[in-house]
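[1] coordinates only, sequence not included:
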DNA sequence: CACCGGTTTATTTTT
DNA sequence: TAAACCGGTG
């Protein structure tokens, strides 16, 4: 049993062995945080005899949860299902599935993902006669979610937005409940409500979870913090791990201050610092440290590594993005000749769209790759449609799914009809599906006829489910709904059909896992899984280069890492350049990116990049400057034009200077009505300016009178 | 109601 | 650039 500790350093051992009372581990990048968590869990189970299901371990992503479970299972024989190792959201779903009836929902509730929520808001805006141009559904969604966790905050908004939100929120919430749906925020909030209002349930879970661990604590938001507090019992056996330098989810409400708050709320807390880095070379660590040290207000850590200095970081600058993708491809080729495998290499970028040109080049050069997280499998239209069919079959009250597929494939049921039926549904307080053959419904006979046929079909599928295995059941769905026929006329039909087959496989796997369970229960569970795992994590393609966002890379490591498109405006993003807070978060993102690399780090960019379809000139990311010249080896344009660090050395074209002296990219401006903004592009007489949230991005005449440089 | 084609518009990160 | 949106026609 001492094996559990033999490859740990003393700080790590302390973190593993201190099981009683509140503990906070400040874990720098690459300090073996996951190892500590896993060992701690193993220590509890095997040395101290704690039941696996009495430990609650919260991770940030499904990927992390799966990995942790794998490690424990591999280490010792513990049944997977017994463990409470999950994300906040899936933990909540698991609790609610058991108890949600106490809050007036049905236990077959389904989970609405973000896209669904936005769609729903769009429809609601229409019924409220609110112009979706003035109030973007996407940003309304964000406001709405914020408001749900903090209803008081409504007073902080100003009319007309305030008025819109006041109308929208109750309507949205009622629709959800009527359809027996919950959104991501509800999962957390309803669980809190449940625990607060039901003493018995609360004390059950509090005594069940003898030990609670929370990973990536710097990324918890206030609601999640509240939830953790509710689950921890008076023994206060809570262990949190975090690193404020890696907090990159403020946009989702993550609150770094929660780390400090934790120290206040649990005064007996023991603080452990994990400073030894097992991952990167000292060059990489020092460079990353140079970058992050520009952030104010942080606990200064002293990361060190025993891996030596290693190679310098390469900074390649290309003229166009083509140069950049070429360079990355060639370098990958070279690395593979030096013994690197494709799976040792990652290409990281700020925004998903950046992956495109890299994919093109890799394809052309036969470099095997995998893009993580872009259009996830479960977000594809055909999959969403199939899911909607299954949801409606399980739960006919689900107006949202009803609307999605009632005319997919085309059944001659148009928007007019649906709007009427929807309004009627609101009046009668019954689902659209149920009201189809209501005697007073305000629809034409033709429409009623078509709707009745649809209803018949859904009901017959509902009857079929208990008798059939999932394989036959899915076949029946695509057959009866006409979906299969529709695909034959679709250019993408074959691919879409393939995807549906994949979904079928997934259902069958679950069928096998829960042999004796009721079909509807299993299906409910699978649909929940799909909603929570919109970020597919089972793409375990072997030996391929990984392309992903910097956010997606959190918690991972690679022997060689490329951080690409490092230009002012791309990374950090234009929008983030206005406020220090946003800029500091971008900087942490850079820190996370750099510290993913074990041996080799490449930072690349291009002077000119295609943006919104037209070429735009960019300067180097300020983060490159922040690394400082000592750790960088220059390649590409850098070499020819000498260093980008001495501004004066760079020759300028005087012609452009005079033409464009009025406004330039990156200038901060003030507009009479739109307020402050940043110029993100200048094309001839026009310029594109990013204003604050309310106004978004606007294209204006460059020398407009309302514009003023600040 | 479905379909076509022209026009506008938006570009961050994720459970 | 590409996807979403709009408005007119069959």
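    Yep, that arrived. None of these values were measured; they are calculated from a predicted model.
[2] does any bit of the longest strand seen in chain A sit next to DNA strand C?
    For chain A, the strand with the greatest residue count under DSSP state E is strand A:597-611. Yes - counting by C-beta under 7 Å from any atom of the strand, DNA strand C has neighbours in strand A:597-611: residue A:610. C-beta coordinates here come from the backbone N, C-alpha and C atoms, glycine included.
[3] Partner strands of that strand, with direction?
    Here strand A:597-611 is paired, per DSSP bridges, with strand A:313-320 (parallel), strand A:558-563 (parallel), strand A:614-617 (antiparallel).
[4] closest to residue A:149 out of these?
    strand A:558-563 (33.1 Å; C-beta to C-beta).
[5] Pick out the least confidently modelled helix or strand of chain A, by mean pLDDT.
    Every helix and strand of chain A was ranked by mean pLDDT, DSSP states H and E. The lowest is helix A:654-659, at a mean of 31.
[6] Surely residue A:12 and residue A:33 touch.
    No - here residue A:12 does not reach residue A:33: they are 9.2 Å apart, not a contact under C-beta atoms under 8 Å.
[7] any shared contact partners between the two?
    Shared contacts of residue A:12 and residue A:33, defined by C-beta atoms under 8 Å, 6 or more residues apart in numbering, comprise residue A:274.
[8] The strands paired with strand A:597-611: which one's closest to residue A:359?
    With C-beta to C-beta as the criterion, residue A:359 lies closest to strand A:558-563 of these, at 13.8 Å.
[9] What mean pLDDT does that closest one get?
    For strand A:558-563, the mean pLDDT works out to 97.
[10] Identify each buried residue in it, please.
    Neighbour counts over strand A:558-563 (16 or more other C-beta atoms under 10 Å) mark A:558-563 as buried.
[11] And the furthest pair within these?
    Across the buried residues of strand A:558-563, no pair lies farther apart than A:559 and A:563, at 14.7 Å, counting by C-beta to C-beta.
[12] dump the residue contacts of the closest residue to residue A:447 other than its chain neighbours.
    Nearest non-adjacent residue to residue A:447, counting by C-beta to C-beta, 6 or more residues apart in numbering: residue A:417, 4.5 Å away. Residues near residue A:417 by C-beta under 8 Å, 6+ apart: A:443-444, A:447, A:451.
[13] Widest-spaced pair of the residues you listed?
    Of all the pairs that these form, the one spanning the most space (C-beta to C-beta) is A:444 and A:451, at 10.4 Å.
[14] Nearest to DNA strand C: which residue in chain A?
    Nearest residue of chain A to DNA strand C, counting by C-beta to the nearest atom of the strand: residue A:613, 2.7 Å away.
[15] Next, count neighbours for that residue.
    For residue A:613, the count of nearby residues is 5 (other C-beta atoms under 10 Å).
[16] ok so, going back, which of the contacts of residue A:417 are buried, as a ChimeraX select command?
    For anyone working in ChimeraX, the buried entries among those, judged by 16+ other C-beta under 10 Å, can be selected with:
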select /A:443,447,451
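[17] Sitting in helices, which of the contacts of residue A:417 do you find?
    Counting by DSSP state H, the part of those found in helices is A:447, A:451.
[18] How confident was the prediction at whichever residue of the stretch 251-400 of chain A sits closest to DNA strand B?
    Proximity of the stretch 251-400 of chain A to DNA strand B (C-beta to the nearest atom of the strand) peaks at residue A:352, 3.1 Å away. Per-residue pLDDT puts residue A:352 at 89.
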